[in-house]
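Asks: Below: sequence and its predicted model.
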Amino acid sequence: MQNSKNNFSASMKKITKSKWLSSFSATLLAISLGLIFGLIVMVVASPTDSFSGFGMMLFGGFSRLGNVFYFATPILMTGLSVGFAFKMGLFNIGASGQYTMGLFFALYVGIMFNLPSGIHWIVCIIAGLIGGMIWGFIPGLLKSLMNVNEVITSIMTNYIGMYLVDMLIRNNGKMFVSSKARTAYIPATAQLPSLGVTDSNVNIAIILATLIAIILYIVLYKTTFGYELMATGHNKHASHYAGINYKRNTILTMVIAGGLSGLGGAFAILAPSNIPGSSMTYEPINIIAANGFNGIAVALLGNSHPIGIIFSSLFISHIQRGGTRASLFGYKPEIIDVVIAVIIYFSAFALVMSSAIGVVIKKRKERKAEAVNTVKEIEEA
Amino acid sequence: MDTIYYLVQNMLPVAIPLLLVALGGMFCERSGVINIALEGIMLFGAFFGCLFILLTQNAPINPQLLLFFAMFVAALTGVLYSLLLGFAAINMRADQTITGTALNMMIPAAILLFSKMKYNSDGITTNINLYIREIPLLSRIPVIGDLFFQKTYLTVYIGFLFLVISYIIFYKTKFGLRLRACGEHPHAADSVGINVYKMRYSGVIISGILGGIGGFFYAVGVMDVNVNGHTGVAGFGFLALAVMIFGQWKPIRIMFAALFFAFLRTLAYSVPLIPFLDALKINQDYYKMLPYVATLFVLIFTSKKSRAPKAEGIPYDKGLR
């Protein structure tokens, strides 16, 4: 009996020491605090339906699993973009502008070019990749050459990209249908192949995005470039001293991150869907794309690890679907944006919190063990 | 000449929010805390300021006096919201940029949520009139009266008053000196008995006051006392950060930077009214991008010799002294 208890406390110690688990529990802590906050908001807003609404938010996504995957694809890409830049210590808050640029490039090729089916959508995706890369290149270049803070520059490129894209679309007679105040629909040849699951919009993009996440994992953890990148993220000066080319890597990282977000935009616009306005056409209304900012949440929850980001994007998409369905009980879908923001807020310091909780548990254990020992000593005496 | 009067009259109400928020950012960053959350703080203050106006606009009180009360409401709520940043950045030693981003994301969604459920709209719409057509006597002064005392808002004068107060606090008091020390070398400040945590909290709280007021003044001077969850404050919090950097974290320079950015923005929105620019036939959307493009260029040319506070963004850890 005593022995098993010792074993248990030993394994407990191992668990609190293991880094992976502590970051995982930190994420869970942040998520649960965010959800609790959401519940409080729901109770305040309309007490009678709050628990059924909350239940819908948590579990409503399961009955729309195909659409969970469909909506997870763009934020998986922007999440990978933000997470990849995080690994090098760069905060790519410009995912939104890069996403919009990729979306525009894909849309442009989709509507303006006439290509045979089977090739058209692939060209569109590549165009989106290039668009995002260009928009990621700007903050990367400025950071590496002039040491301009990438956070401010990429916020500015967000606004510039949004106004630029909206202007280019409005002034293009073939793309813009002024009577509907939105662009024309992309032709069938430019649409991504659907996976053919009934009652859902899931398409090939989720498979491509998952593959890209796995490739990123290999690049980060199995190549010299990835090693250099993460070394720079851990300590910029030490890595510079070790001969790692900081300037080149900064530009390269931002270009790759931009490309990932651009792909997200392309995947979002090229997807065939039966949800009106969610894809295939774009409405230039001077609003910054929300998917870029949701990417930040996804990256933080996934701890910037490409494989973790796959799961966190599914989670965020899941509660977004649930939140949309909670409107059955009179709640507005914006509640999910609030919950996501609260989750990001807490995940920024959840690691500190969970290690603090770990220390408290450990101390209590030690005190207990001490007490047991003194009791034993007294008994023996 | 009329064009110049028009531009100045329209520029000042736009410049004041930028000025106040950039000053708030200056206090915060000179104490050592990066404040990306200014956008959220602005919108939070603007929302509660407008909510206060909405609830009291039918009371038989002078509208300008109401503006004054609403300003206090905005300041108070701005402080409350900035404390969330302070708690995360100072007590929990969290990443200040991420925390700020989260705080920015929360407010537009919360406003949409609240307004849709309560008023079935995207924001708060008031029908109060705070516009001042002309100030008696002063508006009669030849050129100056036309420039500064006609077709304006009370916010302009309050804004410049805050600039003076900020300058005095920042450079002429013991508190200001201590605050600046904490942003440059907190360990040295601590060693001579300055409480770094307290100073940083003060910096964050001042940025909450000025950010909340600045947000409300944006709603008054730019949005005509309305607030809306979709457009929010249109990136003014971020522009204010650029203004602060352009102003090299110094009050007077910040004022000139704010006037410069406000001038660009006013130009962008009044192209059809200016014969010279209208004749050029340039798409108006180019002008809308102008403040943001100008920010990029300003940052490129100022960041080489940037005088950013040395310890900003680094959580203070007493144990490392």
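Replies: Looks like it came in fine.

Asks: count of neighbours near residue 221?
Replies: This is for chain A. For residue A:221, the number of neighbouring residues by other Cβ atoms under 10 Å in any protein chain shown comes to 12. All C-beta spots, glycine's among them, are computed from the backbone N, C-alpha and C.

Asks: Chain B, not that one
Replies: Using other Cβ under 10 Å as the criterion, residue B:221 is surrounded by 25 other residues.

Asks: Go ahead and confirm it touches residue B:10.
Replies: No: look at residue B:221 against residue B:10 with Cβ atoms under 8 Å: they stay out of range, at 9.3 Å.

Asks: would you list every one of the helices in the chain?
Replies: This is for chain A. All helices of chain A, identified by DSSP state H, fall at A:2-17, A:19-45, A:50-59, A:65-87, A:95-112, A:120-146, A:150-170, A:205-222, A:224-234, A:236-241, A:246-270, A:290-301, A:306-325, A:334-380.

Asks: ah, I was thinking of chain B
Replies: B:2-30, B:38-56, B:63-86, B:96-118, B:142-148, B:154-172, B:174-184, B:186-191, B:196-221, B:236-246, B:251-269, B:275-280, B:284-302.

Asks: Quick one: residues contacting residue B:37.
Replies: Shown here is residue B:37, whose contacts under the criterion Cβ atoms under 8 Å, 6 or more residues apart in numbering or on different chains are B:81, B:82, B:85, B:99, B:100, B:101, B:103, B:104, B:237.

Asks: try 6 Å
Replies: Residues near residue B:37 by Cβ atoms under 6 Å, 6 or more residues apart in numbering or on different chains: B:85, B:100, B:103, B:104.

Asks: re earlier: would you single out the least confident of the helices of chain B?
Replies: Among the helices of chain B, helix B:275-280 has the lowest mean pLDDT, at a mean of 75.

Asks: Would you mark the buried spots in that helix?
Replies: Under the neighbour-count criterion of 16 or more other Cβ atoms under 10 Å in any protein chain shown, helix B:275-280 has residue B:277 buried.

Asks: Name the surrounding residues that touch it.
Replies: Helix B:275-280 has contacts (Cβ under 6 Å, 6+ apart) with B:271, B:272.

Asks: on that earlier part again, do you know which of the helices of chain A lies nearest residue A:198?
Replies: When the helices of chain A are compared by Cβ to Cβ, helix A:65-87 sits nearest residue A:198, at 8.4 Å.

Asks: now check the closest one, is it near chain B?
Replies: No: with Cβ under 6 Å from any Cβ of the partner chain as the threshold, helix A:65-87 lies outside contact range of chain B, at a closest distance of 9.5 Å.

Asks: helices or strands next to that helix in the packing?
Replies: For helix A:65-87, the packing partners by 3 or more Cβ pairs under 6 Å, 6 or more residues apart in numbering or on different chains; DSSP states H and E come out as helix A:95-112, helix A:205-222, helix A:224-234, helix A:246-270, helix A:290-301, helix A:306-325.

Asks: Output these in CSV; the columns should cover mean pLDDT.
Replies: Listed next are those as CSV, based on pLDDT from 0 to 100:
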stretch, mean pLDDT
helix A:95-112, 95
helix A:205-222, 94
helix A:224-234, 90
helix A:246-270, 94
helix A:290-301, 88
helix A:306-325, 91
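
Asks: Please identify which of the ones you listed is closest to residue A:57.
Replies: Go through the helices and strands packed on helix A:65-87 one by one with Cβ to Cβ and the one that ends up closest to residue A:57 is helix A:306-325, at 4.2 Å.

Asks: does that closest one come close to chain B?
Replies: No: judged by Cβ under 6 Å from any Cβ, helix A:306-325 stays clear of chain B, getting no closer than 10.5 Å.

Asks: where does that helix sit relative to the chain's centre, distance-wise?
Replies: Its chain's C-alpha centre and that of helix A:306-325 lie 9 Å apart, by Cα atoms, centre = their mean, to the nearest Å.

Asks: Between the helices of chain A, which one is closest to residue B:27.
Replies: The stretch from the helices of chain A with the least distance to residue B:27 (Cβ to Cβ) is helix A:150-170; that distance is 18.4 Å.

Asks: Do me a favour and average the pLDDT over the closest one.
Replies: Predicted confidence along helix A:150-170 averages 90 (mean pLDDT).

Asks: Just the CA trace of it, in CSV.
Replies: The C-alpha coordinates for helix A:150-170 follow below in CSV (Å, rounded to 0.1, in the frame of the first residue of the first chain):
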residue,chain,number,x,y,z
GLU,A,150,7.2,43.4,-37.5
VAL,A,151,4.1,43.8,-35.4
ILE,A,152,3.4,47.4,-36.4
THR,A,153,4.4,46.9,-40.1
SER,A,154,2.2,43.9,-40.5
ILE,A,155,-0.7,45.7,-38.9
MET,A,156,-0.2,48.4,-41.5
THR,A,157,0.1,45.8,-44.3
ASN,A,158,-3.2,44.4,-43.0
TYR,A,159,-5.0,47.7,-43.7
ILE,A,160,-3.1,48.4,-46.9
GLY,A,161,-3.9,44.9,-48.2
MET,A,162,-7.5,45.2,-47.3
TYR,A,163,-8.1,48.6,-49.0
LEU,A,164,-5.9,47.6,-52.0
VAL,A,165,-7.8,44.4,-52.6
ASP,A,166,-11.2,46.0,-52.2
MET,A,167,-10.2,48.8,-54.6
LEU,A,168,-8.8,46.4,-57.2
ILE,A,169,-12.0,44.4,-57.1
ARG,A,170,-14.3,47.3,-57.3
